[in-house]
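[1] Structure for the following, please:
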Amino acid sequence: MNFAPSEWFGFNRRVKHDMTFTKTINGETSTKKVYSRFNVWALLFTWFYALFSVRCRTPFIALKTAVPFLGMVLLNMVVQLFFTEQIALSINLLGDIWYGFMFETWFRNQLIANGYQEVAQ
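    Numbers count the residues shown, from 1 in each chain. Down below sits the predicted model:
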């Protein structure tokens, strides 16, 4: 599992086009789709989307998406101590937007780490 800062902030390596990944597990083929657009569900529900979404069921995706979520919570707590409520809310919104933009990339990277292969489209 990759927890490097380039994994979390790699906007240059974001998903650029829709992708389909497959993997054979116990004789059954598992197919996952990764989309190249902003993930509104990740913006609204952050880590809980990865935890409860059927589409995102793959090993370690909840852990991979929990790390930036917990980092956002910690940052928001520190900002609330030293700045006004408006600044804290602004930073919270920026963090949620970042999470929505990067979620599909984190999902793709975790699928590859779990042995999924991209299907040519």
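
[2] give the contact list for Val79.
    87-88, 91 (Cβ atoms under 8 Å, 6 or more residues apart in numbering). All C-beta spots, glycine's among them, are computed from the backbone N, C-alpha and C.

[3] and of the residues you listed, the nearest to Leu43?
    Here the nearest of the contacts of Val79 to Leu43, counting by Cβ to Cβ, is Ile91; it sits at 14.8 Å.

[4] Now the closest one: closest residue in space, sequence neighbours ignored.
    Excluding the flanking residues, the one nearest Ile91 by Cβ to Cβ, 6 or more residues apart in numbering is Val79, at 5.2 Å.

[5] gap between that neighbour and Leu93?
    Val79 sits 12 Å away from Leu93, going by Cβ to Cβ, to the nearest Å.

[6] Just give me the residue right at the centre of this structure.
    Computing the C-alpha centroid of the chain and ranking residues by Cα atoms, centre = their mean puts Phe103 first, at 2.5 Å.

[7] State the distance from it to Ile87.
    For Phe103, the distance to Ile87 (Cβ to Cβ) stands at 25 Å.

[8] Contact partners for the closest residue to Val40 other than its chain neighbours?
    Nearest non-adjacent residue to Val40, counting by Cβ to Cβ, 6+ apart: Gly100, 6.5 Å away. By Cβ under 8 Å, 6+ apart, the contact list for Gly100 reads 38-40, 42-43.

[9] what's the farthest-apart pair in these?
    Phe38 and Ala42 (8.5 Å).

[10] host element of Ser30?
    Taking DSSP states H and E as the criterion, Ser30 maps to strand 28-34.

[11] Return the alpha-carbon coordinates of the very next helix or strand once past that strand using PDB.
    Remark: after strand 28-34, the chain's next helix or strand is helix 40-45, criterion DSSP H and E. Listed next in PDB are the C-alpha coordinates belonging to helix 40-45 (Å, rounded to 0.1, in the frame of the first residue of the first chain):
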ATOM      1  CA  VAL A  40     -19.700  13.800  -6.100                       C
ATOM      2  CA  TRP A  41     -20.500  10.900  -3.700                       C
ATOM      3  CA  ALA A  42     -16.900  11.100  -2.400                       C
ATOM      4  CA  LEU A  43     -17.300  14.900  -1.900                       C
ATOM      5  CA  LEU A  44     -20.500  14.400   0.100                       C
ATOM      6  CA  PHE A  45     -19.700  11.300   2.100                       C
END
